[in-house]
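Colleague: for reference, the sequence and a predicted model appear below.
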Amino acid sequence: MTEAAAALQLAYHVGRSRLGRRRLALATGLSEMAARVELERLRDRGLIRIERAGVELTDAGSAHFAPMLEPIRGICELALTSLRLGLVALAAQVRAEERSAAWILRDRAVRGGASGLLLLAWDDAGWRFAHDGEPVSRRNARDAAAIEYAFADPQDEDRLVIAFGSTLPQASLGLWHVLADFAPMP
């Protein structure tokens with residue numbers, strides 16, 4: 001069973017720190033009601049515990065989500081200039097190959113709420129656009145430097161998924177719709 005983007009996103013944040021429902025809603029961009037409903041689904045499946053001190057993954061939840069979240073090496077907001085496709089850019093470094101073409105991933109991000117998406121691939125020459133292999137530094141050296149600073153330890157064949165939106169929640173929702181595509185199939 002493939003996990004919904006909301007479930008993956010919540011599991012990622014819960015696995016990093018113990019947060020309550022409101023903080024999870026803020027961190028994910030989900031409404032409080034959507035976060036609550038998804039958390040209840042995860043609790044009913046025995047994957048999380050909801051306690052007064054916050055939400056945490058159960059042992060079963062950690063085992064279930066580990067293969068899906070392990071490829072995500074890091075997520076952070078980026079300040080880009082000419083490569084920007086929205087006011088906010090949220091990027092994830094992923095240690096896996098995409099199973100879909102860049103345009104399909106872009107469409108998935110837009111359906112998820114993002115205003116646009118860039119997919120980059122790392123090789124010995126640096127970050128390149130995944131669809132045509134052009135080095136990012138050729139298009140904009142300043143943005144390439146910002147990306148390399150934020151993601152300082154790329155490995156061969158890493159991917160960088162950058163989702164854009166008018167707000168951080170929009171970019172976040174679009175990003176997680178795409179990250180679900182990178183999750184290994186169980």
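Modeller: That came in fine, so what should we check first?

Colleague: can you give me the domain assignment for the chain?
Modeller: Split into domains by automatic domain parsing, the chain comes to 5-69, 72-182.

Colleague: now mean pLDDT and mean neighbour count too, for those, in TSV please.
Modeller: In this view, the C-beta of every residue, glycine as well, is placed from N, C-alpha and C. Below are the domains of the chain laid out as TSV (pLDDT from 0 to 100; neighbours: other Cβ atoms under 10 Å):
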stretch	mean pLDDT	mean neighbour count
domain 5-69	92	17
domain 72-182	91	18
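
Colleague: so how far is R49 from I162?
Modeller: Here the distance between I162 and R49 works out to 33 Å (Cβ to Cβ, to the nearest Å).

Colleague: how about D123?
Modeller: In this view, D123 and R49 are 42 Å apart by Cβ to Cβ.

Colleague: now E32
Modeller: E32 is 19 Å from R49, by Cβ to Cβ.

Colleague: got phi/psi on the residue sitting furthest away from the middle of the chain?
Modeller: Of all residues in the chain, R52 has its C-alpha farthest from the mean position, at 27.4 Å, by Cα atoms, centre = their mean. With angles defined as degrees, to the nearest 10, R52 sits at phi -60, psi -40.
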